[in-house]
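Asker: okay, predicted coordinates and the sequence, questions at the end:
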Amino acid sequence: MHKFRLFSSYSEAQSFAQVNAPSRIQRSSEGFCVYYDTASEQETTSNDTLELLKRNLASETDLRLKYEQEVNNLRAELSEVRGKIKEKASETRKALREEYIARQKELKERSHAELSRLRDEKERLAKEREKFSEMHEKVQEDFKLIKRALKERFGRFKVTDYAEEHEDSFFCSQCGGDGGAAGGCKRCDGTGWEKRVVLTPGRRVVFEDLP
Ligand SMILES: [Zn+2]
């Protein structure tokens, strides 16, 4: 029956092949493969083989240590990144909170100022109204006095509406004010001015007892 064993170096494969002859060595992707007959198999306890095993073990340990180191590095990096994210989030929250408080304060101050302005304006208007009201009362009192004096002097009277007629000049509505061709506009006799009677409304006092 045939078996094979893999070696990483050619010299190790060769020494195994010598002990287990007949055998043949073949290069493979994983190193050197020694095919040998089981009938001739012997335990290789040569120094070379022991050395090889030791080296394999050492490199395995190295690899494991390296791997562990890498895992530890990655863990540390991850933890650092997590810490940074946490810190950033906390900073952002703090900044937002501060901005919110500042805005609230600003709004409060602004509405206080606006309220105070409105209150002042209201006070000013109230004073103004009071002043006008006093003036109005005084005018009414004066008016009563004047009415009484007029009645005593001239008898009964009333205030009435009237409309006064009077003539006014306008741009002629026919020729537009230029007097027509060769001054021949009939409406304004070529003057460009048209006279019209207008009513001006007004109010006046009428003494009823006067002849
Ligand atoms: Zn005219």
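Answerer: Arrived safely, thanks for sending. Numbers count the residues shown, from 1 in each chain.
Asker: can you give me the strands for this protein?
Answerer: Here the chain has its strands, by DSSP state E, at 2-7, 23-28, 31-37, 157-171, 193-207.
Asker: ok, and does the fourth one reach over to the ion?
Answerer: No - contact of strand 157-171 with the ion is not found when judged by CB under 5 Å from the ion; the minimum separation is 8.4 Å. In this view, the C-beta of every residue, glycine as well, is placed from N, C-alpha and C.
Asker: quick check: mean pLDDT across that strand?
Answerer: Per-region confidence: strand 157-171 scores 92 on mean pLDDT.
Asker: in it, what's buried?
Answerer: Under the neighbour-count criterion of 16 or more other CB atoms under 10 Å, strand 157-171 has Phe157 buried.
Asker: tell me the strands beside that strand, with direction?
Answerer: The strands beside strand 157-171 in its sheet (DSSP bridges) come out as strand 193-207 (antiparallel).
Asker: how far is stretch 7-18 from where the chain is centred?
Answerer: 76 Å (CA atoms, centre = their mean, to the nearest Å).
Asker: likewise for stretch 83-98?
Answerer: 20 Å.
Asker: give me the contact list for it.
Answerer: Stretch 83-98 is contacted from outside by no residue at all, using CB atoms under 8 Å, 6 or more residues apart in numbering.
Asker: for that stretch, give the mean pLDDT please.
Answerer: 96.
Asker: do stretch 197-208 as well
Answerer: In the prediction, stretch 197-208 has an average pLDDT of 91.
Asker: could you dump it to PDB, C-alpha only?
Answerer: In PDB, the C-alpha atoms belonging to stretch 197-208 read as follows (Å, rounded to 0.1, in the frame of the first residue of the first chain):
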ATOM      1  CA  VAL A 197     -72.200 125.800 -14.200                       C
ATOM      2  CA  VAL A 198     -71.000 123.700 -11.200                       C
ATOM      3  CA  LEU A 199     -72.500 123.200  -7.700                       C
ATOM      4  CA  THR A 200     -70.400 123.600  -4.600                       C
ATOM      5  CA  PRO A 201     -72.000 122.100  -1.500                       C
ATOM      6  CA  GLY A 202     -71.600 123.500   2.000                       C
ATOM      7  CA  ARG A 203     -73.300 124.200   5.300                       C
ATOM      8  CA  ARG A 204     -74.400 127.500   6.600                       C
ATOM      9  CA  VAL A 205     -76.300 129.200   9.500                       C
ATOM     10  CA  VAL A 206     -79.800 130.500   8.600                       C
ATOM     11  CA  PHE A 207     -81.400 132.900  11.100                       C
ATOM     12  CA  GLU A 208     -85.200 132.000  11.000                       C
END
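Asker: re the thing from before, need the strands of the chain in TSV (columns: distance to Leu63).
Answerer: Output for the strands of the chain, formatted as TSV (distance: least, CB to CB, whole Å):
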stretch	distance to Leu63
strand 2-7	18
strand 23-28	21
strand 31-37	17
strand 157-171	114
strand 193-207	116
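Asker: where does pLDDT dip in this protein?
Answerer: Applying pLDDT under 70 to the chain flags residues 1, 38-46.
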